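Trainee: Have a look at this prediction, sequence included:
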Amino acid sequence: MTDQQSFGHDDAPSANGMPMPGLGTWENTDPEACRNAVATALEMGYRHVDTAQIYGNEAEVGDGIARADVDREDIFLASKVWIDNLAPEDVRATTEESLDRLGVDAVDLMYVHWPAREYDAEETLAAFNDLYDDGLIDRIGISNFEPRQVAEAVEISDAPVFANQVELHPLLQQEELREACAEHDVEVVAYSPLARGGVFDVPELTEIAEKHDASEAQVSLAWLREKGVTAIPKATGEAHIRDNWESLGVTLDDEDVATIDAIDREDRRVDPGFAPWN
């Protein structure tokens, strides 16, 4: 494995200023575990932390950031407005509450969490534009948007739509969606990039991992990096946080990438009834 000290903030790859990989915090609901995970990741070299209103851990994420010996301006911090809060007045009120919980004046990226329930493209995105204009958010993001909704959001929003965060991994490769985002200059961020553990049961990934003296998780993250996708794997313990970080030392060759591209099995792990594909 590659020594984590090889990867400083300045050396890690980034997508338009969004460092990769990031630390995901979905389902990290144990307060002290969440604080420790964020602080541990930042001390290790991560500079991107992702949370959301619905995760119920924004305050703990903020505590972890405060605990780490890393300047706030060096951290790319993202959160998401939940689907119950997407009416214009709720967008602003709940974003201000998120900032209070996180202990920051602004976030680097705020996402529309899903195009569902209270989401109205024109009204919701206008509210996000107001947050952008007022300096409460540095970038506007969307999450779980299908190609047609990406195109609609880009057309409607006066401010740039910076990123679309979606489930993406070797068992859900989202090629059409990645192409649509590229067409509209929208970055792609991958949640559940390890298929919630599913990548450990994929023979093609195991073979490539053995070839590189790496883990299947590292291979999956390296493949996403090759695709220009910013992965935000969730990890709580130091060993998993480090394993994901050390994926930066794994370089896949063209044959490896082609092998992963050719995986034709699909396993979507996040599939609520309100999802736009249902």
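Mentor: Okay, I see it.

Trainee: Once you drop chain neighbours, what's closest to the residue of the chain lying at maximal distance from its centre?
Mentor: The outermost residue of the chain relative to its centre, with distances by C-alpha atoms, centre = their mean, is Lys211 at 27.7 Å. Closest residue to Lys211 apart from its sequence neighbours, by C-beta to C-beta, 6 or more residues apart in numbering: Asp256 at 7.5 Å. For glycine as for every other residue, the C-beta is placed from the backbone atoms N, C-alpha and C.

Trainee: Ok, Leu194 next?
Mentor: Ala217 (5.2 Å).

Trainee: In contact with the one you found, which residues?
Mentor: Ala217 makes contact with 194, 199-200, 233, 240, 243-244, 247, according to C-beta atoms under 8 Å, 6 or more residues apart in numbering.

Trainee: Now do the helix or strand containing the residue nearest to Lys211: distance to the chain's middle.
Mentor: For Asp256, the host element (DSSP states H and E) is helix 254-261. Averaging C-alpha positions (C-alpha atoms, centre = their mean, to the nearest Å) puts helix 254-261 23 Å from its chain's average.

Trainee: helix/strand/coil for the residue nearest to Leu194?
Mentor: helix (DSSP: H, G, I helix; E, B strand; the rest coil).

Trainee: What does the pLDDT read for it?
Mentor: Note for Ala217: predicted pLDDT of 98.

Trainee: That one and Ile260: what is the separation?
Mentor: Applying C-beta to C-beta, to the nearest Å, the value for Ala217 to Ile260 is 13 Å.

Trainee: rewinding a little: who touches the helix holding Asp256?
Mentor: 170, 173, 204-205, 207-208, 211-212, 219, 223, 226, 252.

Trainee: what's the average pLDDT for that helix?
Mentor: pLDDT averaged over helix 254-261 gives 98.

Trainee: Distance check, the residue nearest to Leu194 against Val202.
Mentor: In terms of C-beta to C-beta, Ala217 sits 11 Å off from Val202.

Trainee: Leu77 belongs to a strand?
Mentor: Yes: assessed with three-state DSSP, Leu77 lies in a strand.

Trainee: ok, how many other residues are close to it?
Mentor: Residues near Leu77, counting by other C-beta atoms under 10 Å, number 23.

Trainee: shouldn't it be in contact with Ala52?
Mentor: No: taking C-beta atoms under 8 Å as the definition, Leu77 is not a contact partner of Ala52, at 11.8 Å.
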